[in-house]
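> Quick check, what structure comes out for this input:
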Amino acid sequence: MDYIDKKIIFILQRQADLPLSEISKRVGLSQTPCWNRIKKLEEDGVIEKKVTLINKIKVNLPITVFLMITVRNHNSDWMNKFNEILKKYKNILEAHRITGSQADYIIKVVAESIEEYDEFQQVLIKNIEFNSMSSGISLQELKSTTILPIK
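Okay, the predicted model is just below:
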């Protein structure tokens, strides 16, 4: 990636719906070369997708919970079942295998209410083997961004 590619990414991270004419003007290219660069960034997997960000409060998903799970057995059968659960439940926004904490996995979940989250957690308890599970409820979101700090 060169400077122009990074400039395109900078622009698209902030406003993905900007017309090609405006992007090309901002990076100093004509539209065809700019479009070719965007397509190449997509083909190379640098640009994965373009989305619209939704305010979770306004669509009645005010509860964010970080669920930490510790497991004893990380075998492929367990991982396959766990991955299926992650795909199945749309209220799971993120899932990470982590190190340096008491948990093996952390999952970000949104819900309409604590009761709805509790129902979801009970489903998980019935469907996956784990050693321990703990939840941290977000009281206030202090920062949330999708913009990567590309140098």
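> now Lys143: how far from Met79?
Note on Lys143: its distance to Met79, by C-beta to C-beta, to the nearest Å, is 31 Å. In short, each C-beta sits where N, CA and C put it, glycine included.
> which stretches of this protein have low pLDDT?
Applying pLDDT under 70 to the chain flags no residue at all.
> quick one, what contacts the residue located most distally from the centre of the chain?
Largest separation from the mean C-alpha position in the chain: Ser30, at 32.9 Å (C-alpha atoms, centre = their mean). Counting by C-beta atoms under 8 Å, 6 or more residues apart in numbering, Ser30 makes contact with Ser24.
> Ok, Gly28 next?
Applying C-beta under 8 Å, 6+ apart, the residues near Gly28 are Ile4.
> next one: phi and psi at it?
Note on Gly28: its backbone torsions stand at phi 80, psi 30 [degrees, to the nearest 10].
> who's more crowded, Lys143 and Met79?
More crowded of Lys143 and Met79, by other C-beta atoms under 10 Å: Met79, with 13 against 4.
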